[in-house]
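J.: Quick one, what's the 3D model for this:
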Amino acid sequence: MEFEAVIGLEVHAQLKTRTKIFCGCSTAFGAPPNTHTCPVCLGMPGVLPVLNKKVVAYAMRMALATGCTIAPESRFARKNYFYPDLPKGYQISQYELPLAAGGHVDIALDGRTRRIGITRIHLEEDAGKLTHDPDRPFSRVDLNRAGVPLIEIVSEPDLRTPAEAGAYLRQLRAILRYLDICDGNMEEGSFRCDANVSIRPAGAAALGTRTELKNLNSFKHVEKAIAYEIARQKEHVAEGGLVVQETRLWDPDKNLTTAMRGKEEAHDYRYFPDPDLLPLTIDAGWIAEVRASLPELPAARKARFEAQFGLPAYDADLLTAARELADYFEACLAVFPQPKPVSNWVMGTLLGRLNAEGKSIADSPVSPAHLAELLRLVDDGVISGKIAKSVFDQMAETGRGPAAIVEEKGLTQVSDAGALEAAVAAVLAGNPAEVAAYRGGKAQLLGFFVGQVMKATRGKAHPGMVNDLLRQKLGQPGA
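T.: This is a model prediction of the structure:
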């Protein structure tokens, strides 16, 4: 029997507020353990939570950006369970009446676009963190994260492959970063994902028994864990077994999932409305205000880059993957308005260097203005493209502008016809066998002659003029 996979994702995104959702403690990452805490986030008796308004506004931005309907009234609930990193013995979340519901995200994969539904977006507080000692049988509890504001984004079970899941997560992360409400850092835990995976006979409507995958801290791990779990379930069913509803952990070292515990249902958490928090009411005016503040989002910006700048879909997709990269590209265009050359340099030379150094575009040692100035020097014939690569490296190492480097190093392109004619004549005189072969029909030797002239001029010769002069001196191959 042929089976298909059914995948739904639950994404927790930490909102970029300076303080926690119900108290004034800092949300900054990396502080010494248990230093960003207070009686409220520690769950001390007699304290009362106070909702952070900016948390709500940030969550509304994501809801509107994904086409969700924001509820005029939502409620906070207590999600009850015991775990050492949960100081109150419950987590404040939303259950029956979430902040928003009914949205979608469009993903592009293999030349087609699919719409992935969003069931709901709700607010909740984060729990603390356990650190397990590798040498001794105990764990340490750090409650700095307790009370950090999260939104949980729950997808419909619309995903069918690991690649679709990866594309959905990347698009979701891009939207969050464009909105500037989450930094999307998976290593620090500010963008986390749990995957629900099941299989069913191909074409069937009913959903199969699902397993929940945890410990997915990179896009690669998400895709590999889902692929493993799909294969595991198919093999298990083929052998006559039944899939058990459970939570499983992904082991990235062994590339497999292992059973962790039975999967909880909603009733296991004994949800009930939080008596310390009033219902959250949101009027149409506030929604309109937040909607008006939304920036141009990744899909719209990609479409504009293709239409306005004539970029291929591949270029536009890569350049709009991060808001900072798209901003860099447009800042270059403001100075040097030639989209394709700018795109080539940003995607190739600039990103190549940044990736090799483990840096992001925000850490680029070459400013948009300096890159645009470099491309202008090439376009004006002041330096060759080959020299430009060398100048770029020096710009990246020193932070200096290209004009100063070109002048200091004497890198100005040789465009003097007399000097170039002399260089071409010397190369032809020094390679009589190759000249005879070219005139005998080996047209590909033209590149050899160009290379020799460039070598003789230390890369400074104007390539176009060199090509023209060589063709004049050599004539047509085989003629």
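J.: Going by C-alpha atoms from here, please, whenever you check contacts or count neighbours.
T.: OK.
J.: Could you list the low-confidence segments of the stretch 351-479 of the chain?
T.: Applying pLDDT under 70 to the stretch 351-479 of the chain flags the ranges 411-417, 419, 462, 478-479.
J.: That one: helices as residue ranges?
T.: Assigned by DSSP state H, counting those that start in this stretch, the helices in the stretch 351-479 of the chain fall at 351-356, 368-379, 385-398, 402-409, 417-430, 432-439, 445-456, 463-474.
J.: buried set for stretch 169-186?
T.: For stretch 169-186, a neighbour-count test (16 or more other C-alpha atoms under 10 Å) marks 169-184, 186 as buried.
J.: So what touches it?
T.: By C-alpha atoms under 8 Å, 6 or more residues apart in numbering, the residues outside stretch 169-186 that reach it are 13-17, 58, 61-62, 65, 105, 107, 190-192, 217-219, 294-298, 321-323.
J.: And the buried ones among those, selectable in PyMOL?
T.: Only the buried entries of the contacts of stretch 169-186 go into this PyMOL selection, using 16+ other C-alpha under 10 Å:
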select buried, resi 13+14+15+16+17+58+61+62+65+105+107+190+191+192+217+218+219+297+298+321+322+323
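J.: So which of the contacts of stretch 169-186 are in helices?
T.: Among those, the ones falling in helices (DSSP state H) are Y58, R61, M62, A65, F219, P298, R323.
J.: The residues you listed into JSON lines, with extra columns for distance to T257 and pLDDT?
T.: Listed next are these as JSON lines, based on distance: C-alpha to C-alpha, whole Å; pLDDT from 0 to 100:
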{"residue": "Y58", "distance to T257": "34", "pLDDT": "98"}
{"residue": "R61", "distance to T257": "35", "pLDDT": "98"}
{"residue": "M62", "distance to T257": "32", "pLDDT": "98"}
{"residue": "A65", "distance to T257": "34", "pLDDT": "98"}
{"residue": "F219", "distance to T257": "16", "pLDDT": "93"}
{"residue": "P298", "distance to T257": "33", "pLDDT": "95"}
{"residue": "R323", "distance to T257": "35", "pLDDT": "94"}
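J.: List just the nearest of those residues to L377.
T.: Nearest to L377 among the ones in helices among the contacts of stretch 169-186 is R323, at 27.5 Å by C-alpha to C-alpha.
J.: Name the nearest residue to the closest one, sequence neighbours excluded.
T.: Spatial nearest neighbour of R323, chain neighbours left out: Y178 (5.4 Å); criterion: C-alpha to C-alpha, 6 or more residues apart in numbering.
J.: Now do the same for the one you found: its pLDDT.
T.: At Y178, the pLDDT value in this model is 97.
J.: how far away is it from A326?
T.: Going from Y178 to A326 by C-alpha to C-alpha, to the nearest Å gives 10 Å.
J.: neighbouring contacts of the top strand by length along the chain?
T.: Longest among the strand segments of the chain by residue count, using DSSP state E, is strand 112-125. Residues from elsewhere that reach strand 112-125, judged by C-alpha under 8 Å, 6+ apart: 21, 56, 59, 63, 68, 91-95, 98-108, 146-159, 168.
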